[in-house]
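>>> From the sequence below, what's the structure:
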Amino acid sequence: MSPLYRRTANIARKHSRISVIAAAAATAGTLGAAGFAAGAAPWEQAAGNVATTAHVDSSSASGQPGSSPLFQAIAGIKTAHAGTPAAGGQLDVLRFAGPAGSTSPNATGNQAIMTFAAQEASVQAAKQQAAQQAAKAKAAAQAKVAAAAKLKAAAHAKAAARAKAFAQAKAAAAVKAKAVAAAKARAKAAAKPYIIYDSVTPSSIPSGKAAAVYANGAYAASSAQTAGHGSVLWIDTNGSDPAANALDVEPGDATPAGAAQWVKQRLTHQPKSVAIVYTMRSDWQQVKDNVAALPGWMQSKVRYWIADPTGTPHVVPGSSATQWYWGNSYDVTTANPNFVG
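Below you'll find the model as predicted:
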């Protein structure tokens, strides 16, 4: 085996299709320098081997024997060198590739092979560039999908946080509602009717008990006389003191018509307070008829304290307090929790 053959075969075995073309080009160049000058036998052997190698490469790539342009070019060179015209357009290509007016196998084959090598290199470079662009596009698409997944995960996390906060707020509201309900229940249970003692002589009222004394009239009491009592109601006897807590409506004191006037004055100056009217059960309806002329909001703030001395603790229906006991030292009243407001 000649050194030229071994060189060409080694190059063809070690490299791809483009490498084969380059090897062929190198072989052609070598041939141009020495092969044809030495005679036909070395050229034929080297070109035949290169053609065989190119043929194998072309057959494996395209599935058609001898379809490679390089193979055709080399076959044409070999045929031309042997003195036989190249088939079809092969000889034309070789003639065109060579110098003007020259049909030298060496010059024509060398340039033709280099032309095909450049073409194959360009095709392979285009394929490589297309593959790189496809890889970049695929990477960009994957990055876009990853970003969308990240946004979706963030949205889910945000929604979960909102749901958790809402659930916590709802639970806190439920706890607060239960606490408020329990407080109301306790207040309702603690709100029971209580006893009030009233007297023209405050000193006769049991110490520490709720007391009712007169603010004016013949039995007006002083603040010092009410010391030691848990709470004190001041009673106006003639309708001249709307600052007092209650008005005494009975014969010799304020009248039913005067009761309505007193209620109006008191609530005008103290709209957040209540107006207590004390009267006999027998005169109660007349008092209510006069109070009915007042605005509705004032009527809702009137508390009736009715005298019904049966001797038995009770509260007359519709009233807020009932004086059920008359005694020599004091009278006794049972009052509902809403009596003083």
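>>> so where's the stretch 51-200 of the chain shaky on pLDDT?
Within the stretch 51-200 of the chain, the ranges that satisfy pLDDT under 70 run 51-107, 109, 182, 184-190.
>>> Pull out the buried positions in stretch 312-322.
By neighbour count, and taking 16 or more other Cβ atoms under 10 Å as the criterion, the buried residues in stretch 312-322 are Val315, Val316, Ser319, Ser320, Ala321, Thr322. For the C-beta atoms, the positions are set from N, CA and C on the backbone; glycine is no exception.
>>> which residues are in contact with that stretch?
With contact meaning Cβ atoms under 8 Å, 6 or more residues apart in numbering, stretch 312-322 is reached by 193, 196, 276, 281, 284, 303-308, 324, 332-336, 338-339.
>>> Please list only the buried members of the residues you listed.
In these, the ones that pass as buried (16+ other Cβ under 10 Å) are 196, 276, 284, 303-308, 324, 332-336, 339.
>>> Most widely separated two among those residues?
Every pair in the buried ones among the contacts of stretch 312-322 was compared (Cβ to Cβ); the two farthest apart turn out to be Trp284 and Val332, at 19.3 Å.
>>> Return the list of helices and strands in contact with the helix or strand containing Ser122.
Assigning secondary structure by DSSP states H and E places Ser122 in helix 105-190. Counting by 3 or more Cβ pairs under 8 Å, 6 or more residues apart in numbering; DSSP states H and E, the packing neighbours recorded for helix 105-190 are helix 17-30, helix 40-62, helix 69-81, helix 90-97.
>>> coming back round to it: in strands, which of the buried residues of stretch 312-322 appear?
Those of the buried residues of stretch 312-322 mapping onto strands are Ala321, Thr322, per DSSP state E.
>>> ok, so of the buried residues of stretch 312-322, who is nearest Ala212?
So of these, ranked by how close each gets to Ala212 (Cβ to Cβ), first place is Ala321, at 9.6 Å.
>>> For the closest one, which non-adjacent residue is spatially closest?
By the measure of Cβ to Cβ, 6 or more residues apart in numbering, the closest residue to Ala321 outside its immediate chain neighbours is Ala335, 3.8 Å from it.
>>> Does the one you found touch Tyr194 like I think?
Yes - Ala335 sits in contact with Tyr194 when judged by Cβ atoms under 8 Å, with a separation of 5.8 Å.
>>> got any residues that touch both of those two?
The contact sets of Ala335 and Tyr194 overlap at Ala210 (Cβ under 8 Å, 6+ apart).
>>> that older thread, of the contacts of stretch 312-322, which belong to helices?
The members of the contacts of stretch 312-322 that map onto helices under DSSP state H are Trp284.
>>> before we move on, back to that, now flag whichever of the buried residues of stretch 312-322 is closest to Pro206.
When the buried residues of stretch 312-322 are compared for distance to Pro206, the smallest value, 17.9 Å, is given by Ala321; criterion: Cβ to Cβ.
>>> measure that closest one to His156 for me?
Ala321 sits 65 Å away from His156, going by Cβ to Cβ, to the nearest Å.
>>> can you check Lys178 too?
Look at Lys178 and His156: by Cβ to Cβ, they are 33 Å apart.
>>> circling back to that earlier point, list the contacts for the residue nearest to Ala321?
Contact criterion Cβ under 8 Å, 6+ apart gives Pro193, Tyr194, Ile195, Ile196, Ala210, Trp305, Val315, Ser320, Ala321 as the residues in contact with Ala335.
>>> 7 Å instead?
With contacts defined as Cβ atoms under 7 Å, 6 or more residues apart in numbering, the neighbours of Ala335 are Pro193, Tyr194, Ile196, Ser320, Ala321.
>>> And for Ser273?
Ser273 sits next to Arg266, Gly341 when contact means Cβ under 7 Å, 6+ apart.
>>> Would you mind measuring from it to Ser329?
From Ser273 over to Ser329 the distance is 30 Å, taken as Cβ to Cβ.
>>> re earlier: Thr226 versus the residue nearest to Ala321, what's the distance?
Remark: distance between Ala335 and Thr226 (Cβ to Cβ) = 17 Å.
>>> which residues in the stretch 201-341 of the chain form helices?
With DSSP state H, counting those that start in this stretch applied, the stretch 201-341 of the chain shows helices at 256-269, 284-291, 296-299, listed in chain order.
>>> Of these, which is nearest Ala149?
helix 296-299 (64.6 Å).
>>> Can you list the buried residues in that closest one?
Judged by neighbour count (16+ other Cβ under 10 Å), helix 296-299 contains these buried residues: Met298, Gln299.
>>> and that helix, what does it pack onto?
Of the remaining helices and strands, those touching helix 296-299 by 3 or more Cβ pairs under 7 Å, 6 or more residues apart in numbering; DSSP states H and E are helix 256-269.
>>> hmm, try it at 10 Å
Using 3 or more Cβ pairs under 10 Å, 6 or more residues apart in numbering; DSSP states H and E as the contact criterion, the elements in contact with helix 296-299 are helix 256-269, helix 284-291.
>>> As JSON lines, those helices with distance to Lys152 would be great.
Written out in JSON lines, the entries for the helices and strands packed on helix 296-299 read as follows (distance: least, Cβ to Cβ, whole Å):
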{"stretch": "helix 256-269", "distance to Lys152": "65"}
{"stretch": "helix 284-291", "distance to Lys152": "71"}
